[in-house]
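next input, structure requested:
(one chain, ligands or ions: 1)
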Amino acid sequence: MAKIVLASGSPRRRELLKRIGITDFEIRVSQAEESYPPGLCPAGIVESLSRKKAEAVPCGTGELIIAADTMVFLDDQRLGKPVDEADALRMLTALQGRRHTVRTGVTLRQGDKSLTQSEATDVCFRSASESELLAYIATGEPMDKAGAYGVQGKGALLVERLEGDFFNVMGLPVLRLSRMLEYFGISLLS
Ligand SMILES: Cc1cn([C@H]2C[C@H](O)[C@@H](COP(=O)(O)OP(=O)(O)OP(=O)(O)O)O2)c(=O)[nH]c1=O
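Below you'll find the predicted structure:
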């Protein structure tokens, strides 16, 4: 089996890889600048960013790189990670009582073979008061997460409904990833 390299500093992606049985992998954090060409559709944006992250790390012989990028889309707004607490409050206020889509682009790369796909999950937030949102921001949880919430943590208390892959919201669509790995000859359930 190829040596797996996770091109991500995200502790959630590390944890999810382990949960699906990929326990032996190296982390090589990509320093790719998070920019993309104009005119891309939402899926195109996260796919382009994941490709960029995968291409920004060295890939040795026999190594398989996994890179991902997660973003929240609310109508035509793109919500990445908040820059500060005021930005987190702005994002959470915009999301409350509404449905949004979380998209994760994933790129797998080995030698000159590369595959990029993305997954979408719809999430509905309940209406929350400003004091609840401020209390949530004070936990610090929103600050390193797209859309300023973590569905796997206290952020779950803001989520009314979710349609699609839960793990996609956490940063790695594990079912899609397993299918992409099959293209590289790796089967996780055999
Ligand atoms: C919406 C949401 C996002 N997130 C996280 C997943 C991602 O780690 C992060 C989005 O940022 P990304 O830029 O996708 O990833 P990252 O900066 O954490 O790591 P790297 O670029 O090195 O791969 O938000 C959650 O953990 N829970 C959630 O509910």
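
which elements pack onto the longest helix seen in the chain?
Counting by DSSP state H, the longest helix found in the chain is helix 42-55. Helix 42-55 sits against strand 63-74, strand 99-110, strand 113-125, with contacts defined as 3 or more Cβ pairs under 8 Å, 6 or more residues apart in numbering; DSSP states H and E. C-betas here are computed from N, CA, C, even on glycine.

which residues touch Thr139?
Going by Cβ atoms under 8 Å, 6 or more residues apart in numbering, Thr139 touches 153-154.

just the pLDDT at it, thanks.
Per-residue confidence (pLDDT) for Thr139: 98.

can you pull the phi and psi angles for it?
phi -70, psi -20 (degrees, to the nearest 10).

output stretch 52-65 as PDB - backbone C-alpha positions only.
C-alpha atoms of stretch 52-65 as PDB (Å, rounded to 0.1, in the frame of the first residue of the first chain):
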ATOM      1  CA  LYS A  52      -3.600  23.700  -4.700                       C
ATOM      2  CA  LYS A  53      -2.900  22.300  -1.200                       C
ATOM      3  CA  ALA A  54      -2.100  18.900  -2.700                       C
ATOM      4  CA  GLU A  55       0.300  20.400  -5.200                       C
ATOM      5  CA  ALA A  56       2.000  22.500  -2.600                       C
ATOM      6  CA  VAL A  57       3.600  19.600  -0.700                       C
ATOM      7  CA  PRO A  58       6.400  17.300  -2.100                       C
ATOM      8  CA  CYS A  59       5.200  13.900  -3.200                       C
ATOM      9  CA  GLY A  60       7.900  11.200  -3.000                       C
ATOM     10  CA  THR A  61       7.800   7.900  -5.000                       C
ATOM     11  CA  GLY A  62       5.000   5.700  -3.800                       C
ATOM     12  CA  GLU A  63       3.400   8.400  -1.700                       C
ATOM     13  CA  LEU A  64      -0.200   9.300  -1.900                       C
ATOM     14  CA  ILE A  65      -1.100  12.800  -0.900                       C
END
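
list phi and psi for Ala146.
Dihedral angles (degrees, to the nearest 10) for Ala146: phi -60, psi 140.

give me the pLDDT for it.
98.

please apply the same query to the one 3 residues further on.
On pLDDT, Tyr149 comes in at 98.

what's the neighbour count on it?
Counted with other Cβ atoms under 10 Å, residues neighbouring Tyr149 total 30.

nearest spatial neighbour of it, skipping sequence neighbours?
Residue nearest to Tyr149 in three dimensions, not counting chain neighbours: Gly155, with 3.6 Å by Cβ to Cβ, 6 or more residues apart in numbering.

what residues does the chain put near the ligand?
8-10, 12, 29, 53, 68-70, 72, 81, 102, 145-147, 149-152, 155, 169-171 (Cβ under 6 Å from any ligand atom).

let's go with 5 Å and repeat that
8-10, 12, 69-70, 145-147, 150-151, 169-171 (Cβ under 5 Å from any ligand atom).

inside strands: which ones of the residues you listed?
69-70 (DSSP state E).
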